[in-house]
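S.K.: Got a predicted structure here, sequence first:
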Amino acid sequence: MHASVITRFVDFTKPLEGDVLWPYLYVLGLVTVGYVNLALGLPWTKRDGSPANSDFVRSQWSALKAQPALAKMHYKYAANASELRLSEDAAGALLRARMQSFEATLCKYFPTWDTFPADAQLGCMSMAWACGPGFPAIFKTFTQFANARDWPNAAKCAAIRTDGNPGIVPRNAQNALCFANAATAMSRGLPVDELYWPGTVPEAQEADDALRVLAERALAEHPIDVVGQAGRNIEEEETT
């Protein structure tokens, strides 16, 4: 994965996922923390900073899971529902480990992954974050175009269903911008490791700018200044 993608992924995902250092119930009732679903093996502490053993973590998980109403509320309401806390460093390490794990799976579907433009890698990682790293097996048309490095057509097949999960809307807008940038960068022969998100490829020509215009319009209609709810690990069918 290009270093530019690794460096900026927190900036990309934080507005969509939130940076929450206590466990909360995701919209589908999944116990979640930081940027990903809860794992019992994380270096949890109690609210007072003392270590939390596995029995305590399990009891807190069960107590939170027993409050399904929290899944329909902002994550801040879960702050007092649990004594568990995670440090910023631990959350960052968790994110990087998850990225490495996801990349290993994505490489199986995208044999030329290392040659993808950075913006395309970022868009693919975003789709993996929302749908799981096996998403290429579901978004088959997208995968076909991505492997052909046909980013204009791949962009048209990248939208994730938003039914019952409106937080996907801003993610789809960000992904559209990523793939528009990838299409423009590749058409102009720009370095593949250069990341243009959250901006656009400078001095893009009108001929290769149509996707960017559509992406910017989507971003204007669906800004990500609030935390979204991304459908992690949900097998979404592709929309065409």
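M.R.: Thanks, I have it. Everything numeric here is computed off the predicted structure, so don't read it as measured data.
S.K.: going forward, measure contacts and count neighbours with C-alpha atoms only.
M.R.: Will do.
S.K.: Now the closest residue to residue 86 other than its chain neighbours: which helix or strand?
M.R.: Of all residues beyond its chain neighbours, the one nearest residue 86 is residue 21 (4.9 Å), with distances taken as Cα to Cα, 6 or more residues apart in numbering. Element membership for residue 21, per DSSP states H and E: strand 20-25.
S.K.: Is the residue nearest to residue 86 in contact with residue 87, as I believe?
M.R.: Yes: using Cα atoms under 8 Å, residue 21 is in contact with residue 87, at 6.6 Å.
S.K.: Of these two, which one has the most company?
M.R.: Using other Cα atoms under 10 Å, the more surrounded residue of residue 21 and residue 87 is residue 21, with 19 against 16.
S.K.: any idea how far residue 84 is from that one?
M.R.: 8 Å (Cα to Cα, to the nearest Å).
S.K.: Show me where this protein has its helices.
M.R.: For the chain, applying DSSP state H gives helices covering 3-17, 54-65, 88-109, 118-131, 140-147, 151-156, 168-187, 210-221.
S.K.: ok, of those helices, where does mean pLDDT dip lowest?
M.R.: Lowest mean pLDDT of the helices of the chain: helix 210-221, a mean of 58.
S.K.: got the contact list for residue 109?
M.R.: 136-137, 143 (Cα atoms under 8 Å, 6 or more residues apart in numbering).
S.K.: The closest residue to residue 152 other than its chain neighbours: neighbouring residues, count only.
M.R.: Spatially, and ignoring its direct neighbours in sequence, residue 152 is nearest to residue 183 (5.6 Å; Cα to Cα, 6+ apart). For residue 183, the neighbour count with other Cα under 10 Å is 26.
S.K.: where does residue 183 sit relative to residue 119, distance-wise?
M.R.: Applying Cα to Cα to residue 183 and residue 119 gives a distance of 9 Å.
S.K.: In JSON lines: the helices of the chain, plus distance to residue 201.
M.R.: Listed next are these as JSON lines, based on distance: least, Cα to Cα, whole Å:
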{"stretch": "helix 3-17", "distance to residue 201": "15"}
{"stretch": "helix 54-65", "distance to residue 201": "45"}
{"stretch": "helix 88-109", "distance to residue 201": "25"}
{"stretch": "helix 118-131", "distance to residue 201": "10"}
{"stretch": "helix 140-147", "distance to residue 201": "19"}
{"stretch": "helix 151-156", "distance to residue 201": "14"}
{"stretch": "helix 168-187", "distance to residue 201": "6"}
{"stretch": "helix 210-221", "distance to residue 201": "9"}
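S.K.: Tell me how far residue 69 lies from residue 138.
M.R.: 31 Å.
S.K.: higher neighbour count, the two?
M.R.: Higher neighbour count among residue 69 and residue 138: residue 138, with 14 against 11, using other Cα under 10 Å.
S.K.: Phi first, then psi, for that one.
M.R.: phi -100, psi -40 (degrees, to the nearest 10).
S.K.: What does the pLDDT read for it?
M.R.: pLDDT, residue 138: 94.
S.K.: Then residue 208?
M.R.: 51.
S.K.: for residue 73, same thing?
M.R.: Looking at residue 73, the pLDDT reads 68.
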